[in-house]
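> For reference, the sequence and a predicted model appear below.
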Amino acid sequence: MNFIKKIVDGKTDELVHLQFQKFSRGEFLERAVILAKLQGGGKYSISTTPEFGNELVLDLAEKLGEEKTQVKGAIISTVNLKEIPEYSILLAHAQVKQFQGVKRYIIDVEMSGNEIKSIVESFPKAFFGLSFKTKDSELKIKPKAPKSGKPSSKGEDKPKADFCKLKTTDASLAQSFVFEKPDFKEAEISHTFFIEKIEIPEELKNSKDFAKIREESFRVGKIVRKSKIDGIESKKEIEFKA
């Protein structure tokens, strides 16, 4: 399930928290952009910005379970994954590119869904730009790091929803992105994040470890979800703490 749907359902987890770690107080426009379309034969086409990448990988990995599939793409991490025994064989032939301490592992290997899920859950701060297929879905994510730096704010161009591309006949998966109208034909959705305050956990209020404070503090505010679904525009405000 993607982080926006989790927030709407009142279910936050570590992946939801990680989405907001880089945000200070303020207004951040055009985040988590979604383009969705129902094509012929009950096949959905979903295109998004990078925020949804890791959760899409997890969703499809869970579909696979013990089944194996060919996985291509890149794992972007600051951790030297080849030194971890559990993943040394998996990444033995991976090409590694490094820039300013960030490593990009280029892979083309056969993996089971459980193996994919294991590595994503073990390194939630890494970005998994992976492409693979299941029986009813095909996922393609650009094998590179999403643009870092300050989140977009007023005056910047709207990001393109072309980083993650999913084709699926799983209606429930598609509807988790467009939950306003289960029988939608075409949808365009974007979000504005309003971070109104940052709550520091009680045990860290006297800490001088500012990196830990930034990582573990909660962002509190609201998300404004703007949608155009089958020609009908709407706006919804969602309060959150993550």
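Nice, thanks for sending it over. Note that the coordinates shown come from a computational prediction; the quantities given were computed from them, not determined experimentally.
> Per-residue pLDDT of the residue nearest the centre of the chain, please?
The centre of the chain sits closest to Phe52, judged by Cα atoms, centre = their mean, with a distance of 2.5 Å. At Phe52, the pLDDT value in this model is 98.
> Can you classify it by secondary structure?
helix (DSSP: H, G, I helix; E, B strand; the rest coil).
> Please name the nearest non-neighbouring residue to Ser137.
The shortest distance from Ser137 to any non-neighbouring residue, by Cβ to Cβ, 6 or more residues apart in numbering, is to Thr168 (3.9 Å). Bear in mind the C-beta positions are built from the backbone N, C-alpha and C, glycine included.
> What residues sit buried inside the lowest-mean-pLDDT helix or strand in the chain?
When the helices and strands of the chain are scored by mean pLDDT, DSSP states H and E, helix 85-88 comes last with a mean of 90. Across helix 85-88, burial judged by 16 or more other Cβ atoms under 10 Å covers Tyr87.
> switch to numbering from 2
With 2 as the first residue, the last one maps to helix 86-89.
> Dump it to CSV, keeping only the CA atoms.
In CSV, the C-alpha atoms belonging to helix 86-89 read as follows (Å, rounded to 0.1, in the frame of the first residue of the first chain):
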residue,chain,number,x,y,z
PRO,A,86,27.1,-11.6,4.0
GLU,A,87,23.4,-12.0,3.3
TYR,A,88,23.6,-10.0,0.1
SER,A,89,27.2,-10.6,-1.0
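> Which strands or helices does it pack on?
Using 3 or more Cβ pairs under 8 Å, 6 or more residues apart in numbering; DSSP states H and E as the contact test, no helix or strand touches helix 86-89.
> which other residues reach it?
82-83, 120, 123 (Cβ atoms under 8 Å, 6 or more residues apart in numbering).
> ditto for stretch 197-204
The contact list for stretch 197-204 (Cβ under 8 Å, 6+ apart) reads 25-26, 214, 217-223, 242.
> show me where this protein has strands.
Shown for the chain, the strands assigned by DSSP state E span residues 27-39, 45-49, 69-78, 96-100, 103-113, 128-134, 138-142, 165-169, 187-200, 219-230, 233-242.
> Sketch out the low-pLDDT regions of the protein for me.
Residue ranges of the chain with pLDDT under 70: 149-158.
> quick one, phi/psi of the residue in it sticking out farthest from the centre?
What lies farthest from the middle of the chain is Asn207; by Cα atoms, centre = their mean that is 32.4 Å. Taking degrees, to the nearest 10, you get phi -110, psi 10 for the backbone angles of Asn207.
> For it, give me its contacts.
No contacts exist for Asn207 under Cβ under 8 Å, 6+ apart.
> And Arg226, by the same measure?
By Cβ under 8 Å, 6+ apart, the contact list for Arg226 reads 5, 190-192, 236-239.
> Just the buried ones from the residues you listed, in PyMOL syntax?
Only the buried entries of the contacts of Arg226 go into this PyMOL selection, using 16+ other Cβ under 10 Å:
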select buried, resi 5+190+191+192
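> From the contacts of Arg226, pick the one nearest Gln40.
Set against Gln40, the nearest of the contacts of Arg226 by Cβ to Cβ is Ile190 (17.8 Å).
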